[in-house]
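Student: I need the structure of the sequence given here:
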Amino acid sequence: MLTLSLQRPRRPADDGLSSFLFLWALVPIIFSAFPAQKLPGYILPAIPAATLLTADYLTVSSTLSRVKIALHSLLCAILLVTALIIPFVMMKQAPPFALQIGMTFTGALIAIMVLLMVRREGIRVLHFCNSGPTILAMAFLLRPAAATIDRTQSARAVQARLVELGAAQGTWPFYHV
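Tutor: The predicted structure follows:
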């Protein structure tokens with residue numbers, strides 16, 4: 001198996017970073033498992049922690065093969081492309097063909113950039129390589145896609161319709177809306 005001889009940064013044996021990132025990723029997932037109405041916003045805080053945990057795992061891994069680096073760069077691309085597709089999935093529509101081509105190109109570009117940066121600069125840039133696609137995905141989900149997510153996943157549309165009908169006063173019970 002081909003392995004890269006990358007210079008690893010020195011870190012204390014147990015600085016608590018892995019435990020912190022694991023708990024950061026796990027708590028929002030556990031928290032979102034309880035409500036009957038699961039909203040995408042409940043999971044969003046776990047995404048940065050999970051990507052940094054992946055980078056941390058690869059950083060302290062005893063061997064870092066080209067396959068692991070390639071899979072990691074592919075995972076970064078998939079994260080970004082998934083964020084771009086989410087609004088279309090929620091609206092139950094297929095993205096336009098030109099946008100599908102753009103998403104594919106963006107994913108390939110991210111994967112190649114991450115792969116080249118890690119191969120050129122070494123393992124020390126792995127956290128930075130994870131941060132770029134994660135920040136882009138989160139920024140897209142929190143800004144441009146927020147209106148679509150709100151329209152399809154929030155009860156605000158129901159509340160607006162109730163106001164429109166003049167029945168906004170009082171408490172309204174809903175079951176499996």
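Student: Would you list the phi and psi of the residue most central in space within the chain?
Tutor: Residue closest to the mean C-alpha point of the chain, counted by C-alpha atoms, centre = their mean, is residue 47 at 4.4 Å. Note on residue 47: backbone dihedrals following degrees, to the nearest 10 are phi -60, psi -50.
Student: remind me which residues of this structure are low pLDDT?
Tutor: 1-14, 35-41, 62-63, 168-177 (pLDDT under 70).
Student: Would you check the distance separating stretch 61-77 from the middle of the chain?
Tutor: 17 Å (C-alpha atoms, centre = their mean, to the nearest Å).
Student: For the residue nearest to the centre of the chain, give me its contacts.
Tutor: The contact partners of residue 47, taken as C-beta atoms under 8 Å, 6 or more residues apart in numbering, are 79, 134, 137-138. C-beta: built from backbone N, CA, C; applies to glycine.
Student: Switch those residues over to TSV; also include neighbour count, distance to residue 97 and secondary structure.
Tutor: Putting the contacts of residue 47 into TSV (neighbours: other C-beta atoms under 10 Å; distance: C-beta to C-beta, whole Å; DSSP: H, G, I helix; E, B strand; the rest coil) gives the following:
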residue	neighbour count	distance to residue 97	secondary structure
79	21	23	helix
134	21	27	helix
137	25	22	helix
138	17	27	helix
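Student: export these to JSON lines and tack on distance to residue 91?
Tutor: What follows is the contacts of residue 47, written out as JSON lines (distance: C-beta to C-beta, whole Å):
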{"residue": "79", "distance to residue 91": "21"}
{"residue": "134", "distance to residue 91": "24"}
{"residue": "137", "distance to residue 91": "18"}
{"residue": "138", "distance to residue 91": "20"}
